[in-house]
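K.L.:
Got a sequence here, can you build the structure:
(2 chains)
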Amino acid sequence: MFVINCPYCGEREQSEFKAGGEAHIVRPKQPTELSDDQWAEYLFMRKNIKGIQFERWVHTHGCRKWFNVVRDTSNDVIKAVYKMGEKPPTN
Amino acid sequence: MKNKYSIFSLVKNAFSYHENWEKAWKDPVPKKEYEAIIIGGGGHGLATAYYLAKKHNMKNIAVVEKGWIGGGNTGRNTTIIRSNYLWDASAGLYDHALKIWEGLSQELNYNVMFSQRGVMNLAHNLQDVRDLKRRTHANRLNGIDAVYLNTEEVKKFCPIINTSQDIRYPVLGGTLQRRAGTARHDAVAWGYARGADEMGVDIIQNCEVKGIKRNGDTVEGIETTKGFIKTKKIGVVAAGHSSVIANMAGLRLPLESKPLQALVSEPVKPIIDTVVMSNAVHAYVSQSDKGELVIGAGTDDYVSYSQKGSHDIVEGTLNAILELYPIFSRMRMLRQWGGIVDICPDASPILSKTSIKGLYFNCGWGTGGFKATPGSGDLFAHTIANDEPHKLNAAFNINRFVSGDLVDEHGAAAVAH
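P.N.:
Here you go, the predicted structure:
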């Protein structure tokens, strides 16, 4: 349980949000040309990192907007929050 | 040869105030090389080592565990055992395990307190009723005992359930598997550890794996906090940390690790003599031999290795418990904890070879791995020893995510993923 700083609404309880999994998985540009291996990679394979993870969240019980979060999955400490389309922080 | 546990050994040791019991397993220093190494000293890992030694005559093997054996999900689950899964592949896998459970205490000479008190799954809407009836039929076709109960029969089997049709999620019926039940989770790890140790398996605790050494597409050994250990076969049984080990080997897995919580109440006199689960309202409860209510909550929806879950998950579960069992309204909860479960997209496990020779993965059990412990160990040992899956775990290969031949058990997983 932790607090997420929604870029649109400010700090809110995590239970107001829904997690959307790993961020920056790019949808294939030419889906018809993908091999089964590439489909499996896109659909199912995940980094599932213990440590700093880039992920998507949606403020379901608030503004209902999607955004990105950088979180340490080993202790649930949030390092950064940034809007969709923005470049992920590098440090 | 270890001394057999019996009424006579109990009496004999009583005379020396139980101070001279033989150690159940040794605390060895790792050798330079093993025939096979199992990463992860939980129930599944220890069972794998036990069956490798017992059925495949591989005695020069080790189990490495970063903490203490049985200290992860083996000691954190709600101990429910059942095999009423929908698909043929799952039915084969879980019923194989259930059959081993039925003779496990005798086989291990260790009382795992396996209690076939039955598991009842409740239906709360018409779709639940249809799904559970379908599952009952599928179970029977696979030779698994299952009956469908109507509301009155549910009430008769477990009188404390509120079967009023006026509640938000009324009980419309349920399924019952009488051969299902519970077991003492710690005893399972300890029993397998003692059995494996007796056959010469080295159980190395406080030994964390830091790297997997590869030569091209073949494994050569593992780097650990106790130094490098050479081996040609590595079986990874690391549950929530499977992806961490996979990353060391440069392998990708279709897993997400999430917190799953459970809680127990203060001990009370016997009140519920079975296990009742409800997928729809997300609550399941049984009573331990000590008298505590053992309650399972759901998973959080985000990836976390923190072994802590959110309070609102527990609150949601307790709301459902109280509506189904108003008698528990004044119970106080003693302890609450979390474990990290590794969940596959189809809610079925992976028991498989990988693209790297000598590297095997047993993971993805999600929220329901405990019930499969003996079967998982047996089949994974077969896979490692023969470098080929047993026919019962062939469907649970890692390539199903490429071929699309998934084993979708979200409906039978009992905890919604």
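
K.L.:
and the closest residue to B:Asp27 other than its chain neighbours, how many neighbours?
P.N.:
In this structure, B:Asp27 finds its nearest non-sequential neighbour in B:Gln205, 7.2 Å apart by C-beta to C-beta, 6 or more residues apart in numbering or on different chains. (Each C-beta comes from the backbone N, C-alpha and C, glycine too.) By the criterion of other C-beta atoms under 10 Å in any protein chain shown, B:Gln205 has 17 neighbours.

K.L.:
Quick check: B:Gln205 vs A:His24, distance?
P.N.:
Taking C-beta to C-beta, to the nearest Å as the measure, B:Gln205 falls 39 Å from A:His24.

K.L.:
Next one, pLDDT for the spatially most central residue of chain B please.
P.N.:
Taking C-alpha atoms, centre = their mean, the centroid of chain B lies closest to B:Phe370, which sits 1.4 Å from it. Note on B:Phe370: pLDDT of 97.

K.L.:
what do you get for B:Gly411?
P.N.:
At B:Gly411, the pLDDT recorded in the model is 76.

K.L.:
Touching, it and B:Arg130? I think so.
P.N.:
No - the criterion here is C-beta atoms under 8 Å, and B:Gly411 misses it with B:Arg130 at 10.8 Å.

K.L.:
These two: which is more packed in?
P.N.:
When B:Gly411 and B:Arg130 are compared for neighbours, B:Gly411 comes out ahead with 17 against 11, by other C-beta under 10 Å.

K.L.:
Phi, psi for the more buried one please.
P.N.:
Dihedral pair for B:Gly411: phi -70, psi -30, per degrees, to the nearest 10.

K.L.:
list the contacts for it?
P.N.:
Going by C-beta atoms under 8 Å, 6 or more residues apart in numbering or on different chains, B:Gly411 touches B:86, B:131, B:135, B:279.

K.L.:
could you redo the last one with a cut-off of 7 Å?
P.N.:
Contacts for B:Gly411 (C-beta atoms under 7 Å, 6 or more residues apart in numbering or on different chains) come out as B:86, B:131.

K.L.:
now the strands for chain A?
P.N.:
Listed in chain order, the strands of chain A (DSSP state E) span A:3-6, A:10-13, A:18-22, A:52-58, A:66-72, A:77-83.

K.L.:
Dump those strands into TSV; add mean neighbour count as well.
P.N.:
Output for those, formatted as TSV (neighbours: other C-beta atoms under 10 Å in any protein chain shown):
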stretch	mean neighbour count
strand A:3-6	17
strand A:10-13	12
strand A:18-22	17
strand A:52-58	19
strand A:66-72	20
strand A:77-83	14
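
K.L.:
For chain B, which segments count as helices?
P.N.:
Along chain B, counting by DSSP state H, helices occupy B:7-14, B:43-55, B:88-101, B:104-108, B:126-141, B:151-157, B:185-198, B:242-248, B:311-324, B:373-386, B:400-403.

K.L.:
can you give me the offset of the shortest one from its chain's centre?
P.N.:
Counting by C-alpha atoms, centre = their mean, to the nearest Å, helix B:400-403 is centred 24 Å from the centre of its parent chain.

K.L.:
Check whether it comes near chain A.
P.N.:
Yes - interface with chain A: helix B:400-403 contributes B:401-403 (C-beta under 7 Å from any C-beta of the partner chain).

K.L.:
which one of those has the most neighbours?
P.N.:
Greatest neighbour count in the residues of helix B:400-403 next to chain A, by other C-beta under 10 Å, goes to B:Phe401: 24 neighbours.

K.L.:
Tell me which residues touch that one, please.
P.N.:
Residues in contact with B:Phe401, defined by C-beta under 7 Å, 6+ apart, are A:40, A:44, B:254.

K.L.:
Could you check the pLDDT of the closest residue to B:Gly375 other than its chain neighbours?
P.N.:
Spatially, and ignoring its direct neighbours in sequence, B:Gly375 is nearest to B:Ala97 (2.8 Å; C-beta to C-beta, 6+ apart). B:Ala97 carries a pLDDT value of 98.

K.L.:
B:Ala97 and B:Gly369 touch, don't they?
P.N.:
No - if you go by C-beta atoms under 7 Å, B:Ala97 and B:Gly369 don't touch, sitting 10.1 Å apart.

K.L.:
Which residues lie in contact with B:Arg330 in this structure?
P.N.:
Going by C-beta under 7 Å, 6+ apart, B:Arg330 touches no other residue.

K.L.:
Chain A versus that one, what's the distance?
P.N.:
25 Å (C-beta to the nearest C-beta, to the nearest Å).

K.L.:
Dihedrals phi and psi, that residue?
P.N.:
phi -110, psi 10.

K.L.:
Can you get me a residue count around residue 47?
P.N.:
The chain I'm using is chain A. Residues lying near A:Lys47 (other C-beta under 10 Å) number 18.

K.L.:
other chain: chain B
P.N.:
So B:Ala47, with other C-beta under 10 Å, has 34 neighbours.

K.L.:
Repeat that for B:Ala14.
P.N.:
Per other C-beta under 10 Å, the neighbour tally for B:Ala14 reads 9.

K.L.:
before we move on, what about B:Lys55?
P.N.:
A total of 12 residues lie near B:Lys55 under the criterion other C-beta under 10 Å.

K.L.:
The one 10 residues further on now?
P.N.:
The burial count assigned to B:Glu65 is 28, neighbours taken as other C-beta under 10 Å.

K.L.:
Repeat that for the one 4 residues further on.
P.N.:
Counted with other C-beta under 10 Å, the neighbours of B:Ile69 add up to 24.

K.L.:
Spatially nearest residue to it (excluding sequence neighbours)?
P.N.:
Nearest residue to B:Ile69, sequence neighbours excluded (C-beta to C-beta, 6+ apart): B:Gly41, at 4.0 Å.

K.L.:
got a pLDDT number for that neighbour?
P.N.:
97.
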